[in-house]
Each structure stands twice: as structure tokens, then as C-alpha cells.
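> 3D model of this:
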Amino acid sequence: MELPHSVDELCDITVELMRRNDFRTDVYIRPLVFKATEEIAFGFHNLRDGFMIVPVPFGAYVDTTGGIRCQVSSWRRIDDNVRAGTLEGDRHLHQQRVSPRPRHSSNGFDEAILMTQDGHVCEGSAENLFILRRGQLITPPASENIVEGITRSALMQFATNELGVEVVERTIDRSELYVADEVLLCGTGRRSRR
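Model prediction:
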């Protein structure tokens, strides 16, 4: 799909959109590229591309002042062999949220922690997972079917460059969640910590 503007133009449009809406709170900015032709087709090559930016006022997604309650979900993360899971997009996030969310929230938890098909810790339903253990910040590698988001990358760089904390990418066993010094969930719309 083709974007209708350069990166600089998209940044300018986003700033102008925020100015015109005069938001006075945190805002989740969702740029969307989609196929806009209103017809059913077997392929996407002849369909017109559409683009929009949706700003959504976004206060506290969940109260994190005292930490959050997490449950390891019985649902497994959809494997990358089924769908391109490393892409951060609406379809992926929807699939992550629908399965575990109703069950864990009805059990009194704020968030679900998902496992890979082979039983390793993967990520939250809509955020990356890190554990702090013995002075290291540990996070699952891309090979564990995680979303390689911008927020994850920024947190890893900040931990290394600003805090001097060693960041290790490796598989995480479920039992490590219980013995970790801290479990952190980090995503675009959430900054949560146990």
C-alpha cells in the first residue's frame, strides 16, 4: 500500500490535527492505511488505497499507581506461521485482545500474559513483556512471536544507554514470572508495572 504523504508531511498533518482538536489530555494517534475500494475482490492489486489519522483522547488505560494484577492466560499466542504476528497492526492487536481479555478481566485481573505455542512467556495481550531479574532486564526475542514495537525498542535503548541496565533477549519460562524482581508490561497505550 502506498502512503499519500512523506513522513515529514504526515508529522505535520498529525500536529495540525492535534492543534485543531485542542486536546488537553494524552492522545492515542492511530494512523491507518487500508484498501478503500468498496467492492469484493479476490486480490488487492487493483484496489484503491485509503489513509486516515484517528486521534483518540486516552487517559489512564488502567490504574497503574499500585501495580496491576496479571493472569497467565490459558490461550496461546497465535503463531507467526499462522499470521504475520511481528507486525503491529489492528488485526494483530484485535486477535491478541479478544481471546484472553474477557476471561482474565472477569476473573478480576487487569491483564493477561500470553504464552507461545511451546509454552514460553510471550507478551501481554497488547504490550511487550520484560522481567527484571538479578540486575538484568530480560525480554523474549523476536523468534518468540512477539510484536517488535517502537516502544519496546525505545525501552531497551533507554535501559542500556541511560540506566546502564543490561538487556537480554531470551526465552522466558513461566516460572520466572514468579521469581522475578519485577515484571513490566510496556506498550504504546500502556506503561504498566507489577
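
> mind listing the helices for the protein?
7-21, 90-98, 100-106, 150-161, 174-179 (DSSP state H).

> packing partners for the longest one?
Meaning helix 7-21. Identification of packing neighbours for helix 7-21 by 3 or more C-beta pairs under 8 Å, 6 or more residues apart in numbering; DSSP states H and E yields strand 27-35, strand 49-57. The C-beta positions use only the backbone N, C-alpha and C, and glycine is treated the same way.

> redo those as JSON lines? Include distance to residue 152 and mean neighbour count.
Conversion of these to JSON lines gives the following (distance: least, C-beta to C-beta, whole Å; neighbours: other C-beta atoms under 10 Å):
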{"stretch": "strand 27-35", "distance to residue 152": "17", "mean neighbour count": "13"}
{"stretch": "strand 49-57", "distance to residue 152": "21", "mean neighbour count": "13"}
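
> how many residues are close by residue 187?
Per other C-beta atoms under 10 Å, the neighbour tally for residue 187 reads 21.

> so how far is residue 139 from it?
Computed as C-beta to C-beta, to the nearest Å, the residue 187 to residue 139 distance reads 13 Å.

> also residue 43?
Between residue 43 and residue 139 the computed distance is 38 Å (C-beta to C-beta).

> one more: residue 53?
In terms of C-beta to C-beta, residue 53 sits 30 Å off from residue 139.

> circling back to that earlier point, can you put the helices and strands packed on helix 7-21 in JSON lines and add distance to residue 11?
Output for those, formatted as JSON lines (distance: least, C-beta to C-beta, whole Å):
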{"stretch": "strand 27-35", "distance to residue 11": "10"}
{"stretch": "strand 49-57", "distance to residue 11": "11"}
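
> out of the ones you listed, which comes closest to residue 125?
Closest to residue 125 of the helices and strands packed on helix 7-21 is strand 27-35 (C-beta to C-beta; 16.2 Å).

> pairing partners for that closest one, with directions?
Here strand 27-35 is paired, per DSSP bridges, with strand 49-57 (antiparallel).

> now do the partner strand: distance to the chain's middle.
In terms of C-alpha atoms, centre = their mean, to the nearest Å, the centre of strand 49-57 is set 18 Å apart from its chain centre.

> got a list of contacts for that strand?
Defining contact as C-beta atoms under 8 Å, 6 or more residues apart in numbering, one finds that strand 49-57 is touched by 1-5, 10, 13-14, 17-18, 21, 23, 25-36.

> what about this structure, any weak spots by pLDDT?
Low-confidence segments of the chain (pLDDT under 70): 60-63, 80-106, 188-194.

> how much space between the residue nearest the centre of it and residue 57?
Centroid-nearest residue in the chain: residue 127, 3.6 Å away (criterion: C-alpha atoms, centre = their mean). Distance, residue 127 to residue 57, by C-beta to C-beta: 20 Å.

> same thing with residue 114?
From residue 114 to residue 57 the distance is 28 Å (C-beta to C-beta).

> neighbour-wise, which of residue 43 and residue 139 wins?
Applying other C-beta under 10 Å to residue 43 and residue 139 shows that residue 139 carries more neighbours, namely 23 against 6.
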